[in-house]
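Visitor: have a look at this fold, sequence not included:
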């Protein structure tokens, strides 16, 4: 406790404040780490949903052109890894697609991977184009 006429905090008050901050940090840090893991999972699921939509939109364009490749309408998809050609800006850094052949007119389960977290999400690949 500070004596009358003195300004500032006593050493014991400063130590108590540092201990309180340290304890709060030790409790909060694991929860913040868990939030990051949850955010990575949500991003992966949204990216897989975007992959599904990109495949469907491309298939629609290819059906309109009778499977003839046309820029911005029908792009050839012969493997799950061709997903990057369908997404504006390509596949984001830090994500990979596992290779799997997709013959024209077929569909198959494709897997999007976030190697840093080891998480995996599925999307439907659609083989299109000549």
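Guide: That came through, no problem. Being a predicted model, the structure only gives us computed values, none of them experimental. Residues are numbered from 1 along each chain as shown.
Visitor: how near is the closest residue to residue 106 other than its chain neighbours to residue 119?
Guide: Nearest non-adjacent residue to residue 106, counting by Cβ to Cβ, 6 or more residues apart in numbering: residue 127, 4.7 Å away. Placement of C-beta: from N, CA and C, glycine included. Distance of residue 127 to residue 119, computed by Cβ to Cβ, to the nearest Å: 26 Å.
Visitor: also residue 43?
Guide: From residue 43 to residue 119 the distance is 9 Å (Cβ to Cβ).
Visitor: which neighbours do those two share?
Guide: Common neighbours of residue 43 and residue 119 are not found (criterion: Cβ atoms under 8 Å, 6 or more residues apart in numbering).
Visitor: quick check: residue 76 touching residue 86?
Guide: No: the criterion here is Cβ atoms under 8 Å, and residue 76 misses it with residue 86 at 10.3 Å.
Visitor: which one's more surrounded, the two?
Guide: residue 86 (19 against 16; other Cβ atoms under 10 Å).
Visitor: isn't that one up against residue 59?
Guide: No: if you go by Cβ under 8 Å, residue 86 and residue 59 don't touch, sitting 10.1 Å apart.
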